[in-house]
Structure formats: structure tokens, C-alpha cells
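**Student:** What shape does this take:
(one chain, ligands or ions: 2)
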Amino acid sequence: MSDDSEQWILNLYRTSEIAGSLFFGRLARSMKPGPIQYDMTKHFSDEAMHAWYWTSCLQEIGAETMSIKEAYQEQYLAAVGLPANVMEVLALTQVFEKRVIHQYQLHSHNPTVHPAVQRTLVMIMKDEKWHIKWIHDALKSLEPEYGADLIHATFTRYWEADQTVYGKTISEHAERVQYLVERAGGRVA
Ligand SMILES: [Fe+2]
Ligand SMILES: [Fe+2]
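**Tutor:** Ligands and ions are numbered 1, 2, ... in the order given. So this is what the prediction gives:
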């Protein structure tokens, strides 16, 4: 195990994937049958698998699973409130997904990353790319109903909230997140 910061970050990923799976699972259950529900079902099952990949990865590298109180998703939802319609759900999901893949990319560029962690990151990022793609396509399909301008404005509103919440998370956990910044030589947000 490289250090405590990495262990904490992997546990944060695990917790966030569980939160994501539960969130998207509830959405899939409440949606009317159709192509969006179909893809959302695959999506929440992917997130559940990601939680399992991190759990198994933690064991493989000899690290402990720890309780992390609040996942980013929960803080984010508390900040923006629940989405009011399927378009808002998808715009919010797109912001989640871009945040997650950015974080995983940053981590995978860290030259000291454990091979098992790198393998897990690569495996998960493949799924996350599909998540971004299907949501993009679904939002496009909703343009006749909601209008491209409103969809863009909604995405921007959620994106700005993400920047604020993520910035707050980073400042609260500055020392731990520094692990990624220093070694990847890049920005976190
Ligand atoms: Fe995921
Ligand atoms: Fe995802």
C-alpha cells in the first residue's frame, strides 16, 4: 500500500460508487419503461460492479475498507436539490459522470499508482465513458421536448454547483487530495 491518503481515496471511490448505484437504481425503478430506463438499468448495475471492484481491489492490495460518512454525490444533491424531471436527472448525471472520470484519469496518471489500482481504474473508466455517451445521446433525444438552450442552461447550472461542492470537498480533505495533485502534477478541480 502506497500510503494512507491513497487508502482513504480508494475508500471514498468505493463509497461514491455505492451511492451512485443506489441513486441511479432508485431512478431506474421510478422511470417509465423505455430506452432511457433500459440504459439507466445498465448504468446502475455498472456502478454496483464498480463498488465491488474497489472492495476487491482494497483487499488485493492489503488495505482496509473504511466507513466514509458522506459521499460527494450526497453533498452535491443536498446542494442542488432533487431534479424535477428526466431532463434534469440526465443533466445532473452527466455532471456526476464527468467529475468521476476526471478524478479517475487524474489518479491513473499518478506514476506511483499500485498496479491493481491502475487495473481497476482502467476497467472502470471504460464503463464511465459509456455512461457519458449514453446520457449525451439521451439528452439529445430530449431536445425536441425541452429545447437545446434549456438543456444547456440546466447542465451549466449543475456544472457550477459541482465546481463549488467539489472545491469544498478538496479544501476539507486538502492533505489527502494532495496525494493526487503532487504526483500527477496537475489540477484537481
Ligand atoms: Fe462508476
Ligand atoms: Fe458512472
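
**Student:** Relative to ligand 1, which residue of the protein is the closest?
**Tutor:** Closest to ligand 1 within the chain is His50: 3.8 Å, counting by Cβ to the ion. For the C-beta atoms, the positions are set from N, CA and C on the backbone; glycine is no exception.

**Student:** Quick check: residues of this structure near ligand 1?
**Tutor:** With Cβ under 5 Å from the ion as the criterion, the chain meets ligand 1 at residues Glu17, Glu47, His50.

**Student:** which parts of the helix or strand that contains the second one are buried?
**Tutor:** The one in question is Glu47. If you go by DSSP states H and E, Glu47 is part of helix 35-60. Burial within helix 35-60, assessed by neighbour count using 16 or more other Cβ atoms under 10 Å, is assigned to 36, 39-41, 43-44, 46-48, 50-51, 53-55, 57-58.

**Student:** what helix or strand does the residue most central in space within the chain sit in?
**Tutor:** Most central in the chain under Cα atoms, centre = their mean is Val100, positioned 3.5 Å from the mean C-alpha point. In this assignment (DSSP H and E), Val100 forms part of helix 86-108.

**Student:** what's the angle from the helix or strand just after that helix to helix 86-108?
**Tutor:** Per DSSP H and E, the first helix or strand lying C-terminal to helix 86-108 is helix 115-141. Interaxial angle, helix 115-141 versus helix 86-108 (axes from the mean of the first three to the mean of the last three Cα atoms, to 10 degrees): 150 degrees.

**Student:** No more questions from me, cheers.
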